[in-house]
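**Student:** sequence unknown, structure follows:
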């Protein structure tokens, strides 16, 4: 033991540990003062997060693109020549265009289903140090947002409102390990529960042991009472693999979410559910394969043999 | 003396926290990224006395609990950071091979960061905090450790300089 271990230090350490345990107990008992402290912190932080989001946007896109370099190498090569000329303009417009496209997609989705939505910009990604998957948006209770409202991306479900502050809200993404949503399979109407797994892949558990699911099946949100936390009909994802292990009571499988959670820029919170259940109307169209042109060459032998 | 040092440390800690929440958290880095704030608290603890380290751990942990992206109950990070910060300082205090050597500090901080994350997962399991699949946890732990190794040589001189300013020590890393 190199340090003298003075009585004062030990007393301080014990006091701090007891304080921490006291805080944990208070929080687990639901004492509201701690929620108030968290809300206060968020109120202080939100202007800085908004400013940070605006300043960081170009760099954020750059980092995001670097991480996908392998997959988009050919595309990058093609764009490089044009990019040199348009770089300055593109840098400023890229972020706005991307958000505009996302917003258009969200409004199309919400309009088709008859959802009343409030759009918001993502101003902060949650730290993964706590193993949770969250984002912060720049709309809060002042815009009519409440806890447990469905959050949409341009492709479908993005998450659910976890906490609401006056000007911001914390969204639990569908990838969060504690996220659970009741789903039904489009067409067959079989029901199950989808859980987040920390990545873009979710875990599906069917509820009925007599029903079956197959890869490619599309999942839609089943909806909740009074449309909270989930409105019905929102596209969630599609089944990528099915686990048929013996001993399982009902089938389970892996699901890939439609939403790309690494590129979230604009989200919409559903503040008013549809009058009628949209059913399977929101299923995204399957991608149409681009026809590859084939060239047939007929070789006609020449009358005289070549030397 | 201690009061003066703490009052000088407080704005630095708060500024780094603000930077973490407003800037670092904006980047969606592969492998879960890193926590600059946690690195700062651990560096501060390694090169301070155990007393200062415990207080730093308390302040840093409490601010981490206040972060809205913290999944656990308030106090969980506080408890973990008190113990980890006190632990690294206690082990390294007075040993020039550890707190006077940049490589020693980097090693200590990386290990402490990894242990803190593991403690968070373990205590989270007891407190009912969902932390994801085993593979995802492993990926986050590994990613965090790698990012900490990468970031440490860049930020260590800055944090060491700030520490020297506050505590008026002559040696620097």
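**Tutor:** On my side now, so go ahead. Just so it is clear, the model here is predicted, and its values are computed rather than measured.
**Student:** and the helices in the chain, which stretches?
**Tutor:** Using chain A. A:7-28, A:32-67, A:73-113 (DSSP state H).
**Student:** actually chain B
**Tutor:** Under DSSP H, chain B gives helices at B:2-22, B:36-46, B:50-66, B:76-92, B:96-99, B:102-127, B:134-167.
**Student:** same list, the helices of chain A, but as TSV with mean neighbour count and mean pLDDT please.
**Tutor:** The way it works is simple: take the backbone N, C-alpha and C, and place the C-beta from them, glycine included. Output for those, formatted as TSV (neighbours: other CB atoms under 10 Å in any protein chain shown; pLDDT from 0 to 100):
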stretch	mean neighbour count	mean pLDDT
helix A:7-28	16	89
helix A:32-67	16	76
helix A:73-113	13	74
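**Student:** between the ones you listed, which gets nearest to residue A:254?
**Tutor:** Minimum separation from residue A:254 across the helices of chain A (CB to CB) falls at helix A:32-67, 22.7 Å.
**Student:** follow-up on the earlier one: can you list the helices of chain A in CSV and add distance to residue B:49?
**Tutor:** Formatted as CSV, the helices of chain A follow (distance: least, CB to CB, whole Å):
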stretch, distance to residue B:49
helix A:7-28, 8
helix A:32-67, 28
helix A:73-113, 47
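**Student:** let me have the helices of chain B in TSV, extended by mean neighbour count and distance to chain A.
**Tutor:** Below are the helices of chain B laid out as TSV (neighbours: other CB atoms under 10 Å in any protein chain shown; distance: least, CB to the nearest CB, whole Å):
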stretch	mean neighbour count	distance to chain A
helix B:2-22	16	4
helix B:36-46	27	7
helix B:50-66	25	4
helix B:76-92	25	4
helix B:96-99	15	9
helix B:102-127	18	7
helix B:134-167	16	3
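**Student:** comparing the ones you listed, which yields the minimum mean pLDDT?
**Tutor:** Per-stretch mean pLDDT for these is lowest at helix B:96-99 (a mean of 68).
**Student:** what residues are up against residue B:20?
**Tutor:** Residues in contact with residue B:20 (CB atoms under 8 Å, 6 or more residues apart in numbering or on different chains) are A:127, B:35-37.
**Student:** out of the residues you listed, who's nearest residue B:4?
**Tutor:** residue B:37 (23.2 Å).
**Student:** from what I can see the closest one touches residue B:16, true?
**Tutor:** Yes - counting by CB atoms under 8 Å, residue B:37 touches residue B:16, with 5.4 Å between them.
**Student:** beta partners for residue A:137?
**Tutor:** Residue A:137 has the following beta-bridge partners by DSSP bridges: residue A:122, residue A:169.
**Student:** I'd say residue A:240 and residue A:219 touch.
**Tutor:** No - between residue A:240 and residue A:219 there is no contact under CB under 8 Å: 11.0 Å.
**Student:** more neighbours: those two, which one.
**Tutor:** Using other CB atoms under 10 Å in any protein chain shown as the criterion, residue A:240 and residue A:219 rank with residue A:219 on top: 30 against 15.
**Student:** roughly how far apart are that one and residue B:27?
**Tutor:** 31 Å (CB to CB, to the nearest Å).
**Student:** what's the answer for residue B:10, then?
**Tutor:** In terms of CB to CB, residue B:10 sits 26 Å off from residue B:27.
**Student:** do the same with residue B:150
**Tutor:** In terms of CB to CB, residue B:150 sits 13 Å off from residue B:27.
**Student:** also residue A:180?
**Tutor:** 28 Å.
**Student:** buried residues, stretch A:230-248. List them.
**Tutor:** For stretch A:230-248, the neighbour count (16 or more other CB atoms under 10 Å in any protein chain shown) marks A:230-239, A:242 as buried.
**Student:** nearest to chain B among those residues?
**Tutor:** residue A:237 (16.8 Å; CB to the nearest CB).
**Student:** so what's that closest one up against?
**Tutor:** A:156-157, A:194, A:202, A:218-219, A:255-258.
**Student:** widest-spaced pair of those residues?
**Tutor:** A:202 and A:218 (13.4 Å).
**Student:** more crowded one of these two?
**Tutor:** Counted by other CB under 10 Å, residue A:202 and residue A:218 do not tie: residue A:202 has more neighbours, with 28 against 22.
**Student:** and the nearest residue to the more buried one once chain neighbours are set aside, what pLDDT?
**Tutor:** In space, and not counting its chain neighbours, residue A:202 is closest to residue A:255: 4.4 Å by CB to CB, 6 or more residues apart in numbering or on different chains. At residue A:255, the model reports a pLDDT of 93.
**Student:** burial count for residue A:255?
**Tutor:** Neighbour tally, residue A:255, other CB under 10 Å: 26.
**Student:** residue A:294 too?
**Tutor:** 5.
**Student:** now do the one 5 residues further on
**Tutor:** Residue A:299 is flanked by 5 other residues according to other CB under 10 Å.
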